[in-house]
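*Asks:* Sequence and predicted structure below; questions after.
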Amino acid sequence: MYAIIETGGKQYRVSEGDVLKVEKLAAAEGETVLADKVLAVGSESGLKVGTPVVDGAKVSLKVQAHGKGEKIIVFKYKPKKNYRRKKGHRQPYTQVVVEKIEA
């Protein structure tokens, strides 16, 4: 059984036991978060697609850790004008484990 969920403006295909890095969630480590924006649920009996979400479907996510991703360097410059700007950015994330899919 698998589900397609939306969290943090992104969509993920998940099944039970998967470990994901999603956009940072406001939950402490060890807490359980419910993802109620389930767009589709697939099983042996077939695929159930929501319009836009599947009614009554939920995915339980357990927060494992919070962290920051790889550093991205943003470098701007204009030729012949001596204009240079260098910035770095590390996107925060939350690592979660999919515990249960309820359809």
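*Replies:* Done, it's in.
*Asks:* where does the residue nearest the centre of the chain land in three-state SS?
*Replies:* Residue closest to the mean C-alpha point of the chain, counted by CA atoms, centre = their mean, is V22 at 2.9 Å. Look at V22: counting by DSSP: H, G, I helix; E, B strand; the rest coil, its state is strand.
*Asks:* for it, what are its contacts?
*Replies:* 7-8, 10, 12, 61, 93-94, 96 (CB atoms under 8 Å, 6 or more residues apart in numbering). C-beta here means a position set from N, CA and C on the backbone, and glycine is covered the same way.
*Asks:* Could you count how many residues lie near the closest residue to D18 other than its chain neighbours?
*Replies:* Nearest residue to D18 in three dimensions, chain neighbours excluded: V98, at 4.6 Å (CB to CB, 6 or more residues apart in numbering). Look at V98: counted by other CB atoms under 10 Å, it has 21 neighbours.
*Asks:* isn't A40 right next to I4, touching?
*Replies:* Yes: using CB atoms under 8 Å, A40 is in contact with I4, at 4.4 Å.
*Asks:* Helix or strand: which one has the residue nearest to D18?
*Replies:* Take DSSP states H and E as the rule and V98 turns out to sit in strand 83-102.
*Asks:* And that strand, what's buried?
*Replies:* Residues of strand 83-102 classed as buried by neighbour count (16 or more other CB atoms under 10 Å): 93-94, 96-98, 101.
*Asks:* Output the residues you listed as a markdown table; include the columns distance to Y83 and pLDDT.
*Replies:* Converted to a markdown table, these look like this (distance: CB to CB, whole Å; pLDDT from 0 to 100):
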| residue | distance to Y83 | pLDDT |
| --- | --- | --- |
| Y93 | 32 | 97 |
| T94 | 37 | 97 |
| V96 | 42 | 97 |
| V97 | 46 | 97 |
| V98 | 47 | 96 |
| I101 | 52 | 94 |
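*Asks:* Just give me the closest of those to L47.
*Replies:* I101 (13.6 Å; CB to CB).
*Asks:* and that closest one, what does it touch?
*Replies:* 1-3, 14-16, 41, 57-60.
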